[in-house]
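> Build me a model:
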Amino acid sequence: MNNKLILPKYPQKGTTINRTIRFDGDVYDELSALVETSGMSFNKLVNVCLRYAIENAEQEETTGVIKK
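You can find the predicted model right below:
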């Protein structure tokens, strides 16, 4: 997949839910670097990245989940 994630200037706001998650150290470091260059909050950046991943996800058919 060669689709690049474009970071929007003003991500949409909506209902939020608080969750605690653990990041791999290297992923956290890369997200933190993107926060610095994008000017976006860490939470907004993570939501943008997750939304992109969900919208572009495909799973193998052997899992029993239908591909998008």
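
> Can you show me the helices along this structure?
Secondary structure of the chain (DSSP state H): helices at 25-38, 42-55.

> Out of those helices, the one nearest Asn18 is which?
Proximity to Asn18, assessed across those by C-beta to C-beta, is greatest for helix 42-55 (10.1 Å). Backbone N, C-alpha and C define where each C-beta goes, glycine included.

> Okay, buried residues for that closest one please.
Going by neighbour count (16 or more other C-beta atoms under 10 Å), the buried part of helix 42-55 is 44-48.

> Can you point out the buried residues in stretch 3-22?
Leu7.

> circling back to that earlier point, as a markdown table, the helices of the chain with distance to Leu7 and mean pLDDT would be great.
Output for these, formatted as a markdown table (distance: least, C-beta to C-beta, whole Å; pLDDT from 0 to 100):
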| stretch | distance to Leu7 | mean pLDDT |
| --- | --- | --- |
| helix 25-38 | 5 | 96 |
| helix 42-55 | 6 | 91 |
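
> Please dump these into CSV; it should also carry distance to Leu5 for every row.
Below are these laid out as CSV (distance: least, C-beta to C-beta, whole Å):
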stretch, distance to Leu5
helix 25-38, 10
helix 42-55, 5
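
> Among those helices, which comes closest to Ile6?
Among these, the nearest to Ile6 by C-beta to C-beta is helix 42-55 (8.8 Å).
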